[in-house]
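J.: Got a sequence here, can you model it:
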Amino acid sequence: MQTILQKTHYPIYNRQVSTASLWKKFIGWTNKQEKNRMLWTAIAIAGHGCVFTILTTLAILFTGNHFIFWPFAIGAMSMTVVVNLSALPTRITIPVFFLSLIIDAVIIAMCIANGFDIAATYR
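T.: Modelled structure (predicted):
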């Protein structure tokens, strides 16, 4: 009778895999880059100021010098400079830098979509 009343317990192994999102992996990587903070500051200010902003402004000028692109190009450069000069941690400066590069790439793509018009720069 005891075997009928006694309930046997069989534990079930339930493995749950928790995967981190791409954003959390990126933020984790930026936290690990804190030891290279000065390198990222130099890349952001010099690289953005000397290469990417120049390419963006040339694309704006060669496609007719539309005014709507200028505030976005200036804003992208400004947000990179302000974040780096305020000495924020890399978990903030690196995403802002990449966001500014995306803004510049979108501006260049829109300028290419409008078509280059060198003669418009002299009007």
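
J.: What is the distance between the helix or strand that contains residue 24 and the centre of its chain?
T.: Here residue 24, judged by DSSP states H and E, is contained in helix 22-32. Remark: helix 22-32 is offset 12 Å from the chain centroid, using CA atoms, centre = their mean, to the nearest Å.

J.: who does that helix touch, helix- and strand-wise?
T.: Secondary-structure packing of helix 22-32 (3 or more CB pairs under 8 Å, 6 or more residues apart in numbering; DSSP states H and E): helix 90-114. Every C-beta, even on glycine, is put in place using the N, C-alpha and C of the backbone.

J.: Name the surrounding residues that touch the helix it packs on.
T.: Residues from elsewhere that reach helix 90-114 (CB atoms under 8 Å, 6 or more residues apart in numbering): 26-27, 30-31, 33-34, 36-37, 40-41, 43-44, 48, 52-53, 55-56, 59-60, 62-64, 66, 69, 72-73, 75-77, 79-80, 83-84.

J.: Below-threshold pLDDT in this structure: ranges please.
T.: 1-10, 13-14, 118-123 (pLDDT under 70).

J.: in it, which residue is closest to the centre?
T.: Residue closest to the average C-alpha location in the chain (CA atoms, centre = their mean): residue 98, at 2.7 Å.

J.: That residue and residue 33: what is the separation?
T.: Going from residue 98 to residue 33 by CB to CB, to the nearest Å gives 12 Å.

J.: What are the contacting residues of stretch 49-64?
T.: Residues from elsewhere that reach stretch 49-64, judged by CB under 8 Å, 6+ apart: 66, 69-70, 73, 76-77, 81, 100-101, 104, 107-108, 111-112, 114-118, 120-121.

J.: Thank you, goodbye.
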